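> Got a predicted model here, sequence first, then my questions.
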Amino acid sequence: MALPVWEYRRGHARELPPSMTAETVPPLVEHIVDRFDDYADRWHALKVGDTLTVTW
């Protein structure tokens with residue numbers, strides 16, 4: 001459920017799945033999407049040879 005929301009918000013998908021709207025995204029999914037955003041931003045900021053540690 002979180003991945004389609006994240007892809008939509010990051011511009012990787014044109015629309016949410018038919019069962020979802022922006023108003024029906026549960027708070028837990030919002031939290032997970034925020035974590036995905038943080039991870040993606042950190043991932044893209046890495047230089048060759050750098051590492052990224054994720055604590056879940």
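Thanks, I have the structure now.
> same for the longest helix along the chain, what does it pack against?
Longest helix in the chain by number of residues (criterion: DSSP state H): helix 27-45. Applying 3 or more CB pairs under 8 Å, 6 or more residues apart in numbering; DSSP states H and E, one finds that helix 27-45 makes contact with helix 2-9. No exception for glycine: its C-beta is placed from N, CA and C like everyone else's.
> Just the buried positions in the longest helix of the chain, please.
29, 32-33, 36 (16 or more other CB atoms under 10 Å).
> In the protein, where is pLDDT below threshold?
Counting by pLDDT under 70, the chain contains no low-confidence segment.
> contacting residues around the residue sitting furthest away from the middle of the chain?
The outermost residue of the chain, judged against the average C-alpha position, is residue 49 (23.9 Å), by CA atoms, centre = their mean. Neighbouring residues of residue 49 by CB atoms under 8 Å, 6 or more residues apart in numbering: there are none.
> what's the answer for residue 39, then?
If you count contacts by CB under 8 Å, 6+ apart, then residue 39 has 52, 54 around it.
> how far away is it from residue 52?
Distance of residue 39 to residue 52, given as CB to CB, to the nearest Å: 8 Å.
> Just give the nearest non-adjacent residue to residue 4, would you?
Distances taken as CB to CB, 6 or more residues apart in numbering put residue 17 closest to residue 4, at 5.2 Å, once the chain neighbours are dropped.
> Correction: the previous question concerned residue 1.
The spatial neighbour of residue 1 that comes closest, neighbours along the chain excluded (CB to CB, 6+ apart), is residue 29 at 5.5 Å.
> same question, residue 9
residue 33 (6.6 Å).
> my read: the one you found touches residue 6, true?
Yes: in this structure, residue 33 is within contact of residue 6 by CB atoms under 8 Å, at 4.7 Å.
> and residue 11, what element?
For residue 11, there is no enclosing helix or strand under DSSP states H and E.
> so how many other residues sit close to it?
Other residues within reach of residue 11 by the criterion other CB atoms under 10 Å amount to 7.
> From residue 19, how far out is it?
Between residue 11 and residue 19 the distance is 21 Å, computed by CB to CB.
> same deal with residue 46?
As for residue 46, its distance to residue 19 is 35 Å (criterion: CB to CB).
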